[in-house]
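S.K.: compute the structure for the input listed below.
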Amino acid sequence: MEENTKAGFVAVLGRPNAGKSTFLNTLLGEKLTLVSHKANATRKRMHLVLMEGETQIVFVDTPGIHKQEKLLNQYMLKEALQALQDCDVLLFLAPASDKISYYKEFLEMAKDKKHLLLLTKIDSVSKEVLFETMRQYEKFKDCYEALIPISIKDLGSLKRVVEVLAKLMPQSPYYYNPEILSPNTTKEIVKELIREAVFENLSDELPYESDVQITLYKEKPNVHYIKATIIVHKESQKGMVIGKGGATLKRIGKEARASIESFVCQKVFLDLFVKVVPGWSKERESLKRMGYNFED
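M.R.: Residues are numbered from 1 along each chain as shown. Okay, here's the model as predicted:
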């Protein structure tokens, strides 16, 4: 690779529902990460590749930073903290209406790591509130590289984030093929697209601990055959997912299939099932079987 190339990893951090996945999907122009108004929807780190000239920026989408006793929550916090330690630069996303105290907590974790502070959801507050919030954050100007208010409706604000990050990336060969959007497997991304469809249709009723297992994935020349199982804790939740006469499950399948077809650019045959696994998110071995390995 050319000696003048630059490449680095950028951890995208913030509290649950800070807008991390929406920010990344908008930036890359492709739905690759799960977007849901349900808190703690993102479970694992996902790598997303963006090229800016000769610079490769590898964004690492992470679960929201939060503290709870549940084992699944502990895994999610571990994922976020691991990304915080491993990456070259950090992005901390803070909704414009959030308390400054959350940023102070982040600073304690980040130590002296280079980071950008992004104010998200600025369209949801008045200009007066936004200016006052920025004034309060400016007290910490010696801590961050830049303070940037962003809106997914304002692509100029996102471009500025990319420009600042590109300058901070170290000289390095590329980590991934510049042609790809993500080194994560198609199977991993498809799982997230199905989970998103589940949350879109049942977000208020279904606990976030529900999950999806891909049990079959066959790629043929003109069609992808996928079988997946939606995992829930209780029989009552299984009934919610299926719905009267199977209507809810059909709706979930239709939305998930459309998202997957848009991603793989092929026709998709998707067969969905629902299975009850009591307490799967509370036992280490069950979590491991679902792909959440604490030892990684």
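S.K.: relative to its centroid, which residue of this structure is most remote?
M.R.: G245 (32.8 Å; Cα atoms, centre = their mean).
S.K.: confirm that one sits in a helix?
M.R.: Yes: looking at G245 with DSSP: H, G, I helix; E, B strand; the rest coil, it is inside a helix.
S.K.: so how far is A228 from it?
M.R.: 21 Å (Cβ to Cβ, to the nearest Å). C-beta: built from backbone N, CA, C; applies to glycine.
S.K.: ok, E105 next?
M.R.: Separation of E105 from A228 (Cβ to Cβ): 37 Å.
S.K.: when the two are compared, which one has more neighbours?
M.R.: Neighbour totals were compared for E105 and A228, and A228 leads with 23 against 13 (other Cβ atoms under 10 Å).
S.K.: how close does the more buried one get to E192?
M.R.: 11 Å.
S.K.: wasn't G291 part of a helix?
M.R.: No: counting by three-state DSSP, G291 is not part of a helix but coil.
S.K.: just give the number of residues close to it.
M.R.: Neighbours of G291 (other Cβ under 10 Å): 14.
S.K.: likewise for R257?
M.R.: 20.
S.K.: that one: what's it in contact with?
M.R.: By Cβ atoms under 8 Å, 6 or more residues apart in numbering, the contact set of R257 is V268, L270.
S.K.: next, L13: phi, psi?
M.R.: phi -120, psi 160 (degrees, to the nearest 10).
S.K.: make 788 the starting number, not 1.
M.R.: That works, and once the first residue is 788, the last one we named lands at L800.
S.K.: which element is the nearest residue to it once chain neighbours are set aside on?
M.R.: In this structure, L800 finds its nearest non-sequential neighbour in F879, 5.3 Å apart by Cβ to Cβ, 6 or more residues apart in numbering. Using DSSP states H and E, F879 sits in strand 876-882.
S.K.: would you tell me what the next helix or strand after that strand is?
M.R.: helix 887-897.
S.K.: average pLDDT for that next one?
M.R.: Taken as a whole, helix 887-897 has an average pLDDT of 89.
S.K.: S884 and M921: what is the separation?
M.R.: Where M921 is concerned, S884 sits at a distance of 13 Å (Cβ to Cβ).
S.K.: K928 now?
M.R.: 11 Å.
S.K.: which residues do those two both contact?
M.R.: Common neighbours of K928 and M921 (criterion: Cβ under 8 Å, 6+ apart): L934.
S.K.: of those two, who's got more company?
M.R.: Legend: neighbour count by other Cβ under 10 Å for K928 and M921, higher for M921 (16 against 11).
S.K.: output the contacting helices and strands for whatever helix or strand that one lives in.
M.R.: M921 belongs to helix 914-924 when assigned by DSSP H and E. Counting contacts by 3 or more Cβ pairs under 8 Å, 6 or more residues apart in numbering; DSSP states H and E, helix 914-924 packs against helix 887-897, strand 902-907, strand 933-936.
S.K.: closest to V1028 out of the ones you listed?
M.R.: Evaluated over the helices and strands packed on helix 914-924, closeness to V1028 peaks at strand 902-907, with 30.7 Å, by Cβ to Cβ.
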